[in-house]
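Visitor: please work out how this folds:
(one chain, ligands or ions: 1)
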Amino acid sequence: MGTVSALPFAFALDPARVGLVVIDMQRDFLEPGGFGESLGNDVHPLQAIVPAVAKLIAGFRAAGRPVIHTRECHAPDLSDCPPAKRLRGPEGKRIGDPGPMGRILVRGEPGADIVPDLAPLPGELVLDKPGKGAFHATPLDAELERLGLRQLVFAGVTTEVCVQTTMREANDRGYECLLAEDATESYFPEFKAATLAMIRAQGAIVGWTAETDAILEALA
Ligand code: C5J
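Guide: Now for the predicted structure:
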């Protein structure tokens, strides 16, 4: 066991049962012209966490632990995108509409790709998800079971949407969840701060938070 200096209290990390889940580090969220910007957001704060996420990924790979990547995206016929989701945002810039990186948030389009600096290695699990949470309509739970994981470290974007939703889903399924504070970001700094506080409130009601370096120290 390694001990991670975390909040609200130390996290006992089991190097044999822990995996890393990197949420939606896609061009559509991080680059101009994608889904994130189409909703009126400044994407630059999200780009700033790429080095921390890369460091976390490198640490897990070096320790021989699984790295799982997710991508929020939809089938080209949008059959997995309910109108309640499709009809958000300005007309002409919605999911499935053409943009500078191809059709917005559609599987196989350049915008749905993970940013090159964080590209998955062959053999790493890459899950396409139609929802905000990574368990909905995906084989994630079965894959975690297959890999023998009981603890999940989370990184990625955005903190209060896909990351938090997935952490809550994982927590409900009995996984111990630890969010890397400097390897996650929101378009809204106040939402990130609130999410970190919510997660660790009430004695780690959803999980723990810690800095990347503290997590990697315990993993090593
Ligand atoms: C959003 C995500 N924010 N990956 N998706 O729509 O958090």
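
Visitor: quick one: contacts of the host helix or strand of residue 52?
Guide: Using DSSP states H and E, residue 52 maps to helix 50-62. With CB atoms under 8 Å, 6 or more residues apart in numbering as the test, helix 50-62 has contacts from 19-20, 22, 25, 30, 66-67, 115, 117-118, 121, 153, 155-156, 180, 182-183, 212, 215-216, 219-220. For every residue, glycine as well, the C-beta is placed using N, CA and C.

Visitor: cutoff 6 Å now
Guide: For helix 50-62, contacts defined as CB atoms under 6 Å, 6 or more residues apart in numbering pick out 20, 67, 117-118, 155, 180, 182-183, 212, 216, 219.

Visitor: just stretch 167-187 next, same as before
Guide: For stretch 167-187, the external contacting residues (CB under 6 Å, 6+ apart) are 11, 41, 45-46, 49, 52-53, 56, 133, 135, 151-155, 157-160, 163, 192, 206-209, 211-212, 215.

Visitor: near the ligand, which of these show up?
Guide: Among the contacts of stretch 167-187, the ones lying near the ligand by CB under 6 Å from any ligand atom are 157-158.

Visitor: what's residue 33 in contact with, if anything?
Guide: Contacts of residue 33 (CB under 6 Å, 6+ apart): 99-101.

Visitor: could I get the residues you listed as CSV with distance to the ligand, pLDDT and neighbour count?
Guide: Converted to CSV, the contacts of residue 33 look like this (distance: CB to the nearest ligand atom, whole Å; pLDDT from 0 to 100; neighbours: other CB atoms under 10 Å):
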residue, distance to the ligand, pLDDT, neighbour count
99, 15, 93, 22
100, 18, 93, 13
101, 15, 95, 20
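
Visitor: give me the subset of those residues lying in strands.
Guide: Secondary-structure check on those using DSSP state E: residues within strands are residue 99.

Visitor: leaving out sequence neighbours, find the closest residue to the spatially most central residue of the chain.
Guide: Among the residues of the chain, the one closest to the centroid is residue 23, at 1.7 Å (CA atoms, centre = their mean). Nearest in space to residue 23, with sequence neighbours left out and distances taken as CB to CB, 6 or more residues apart in numbering, is residue 156 at 3.0 Å.
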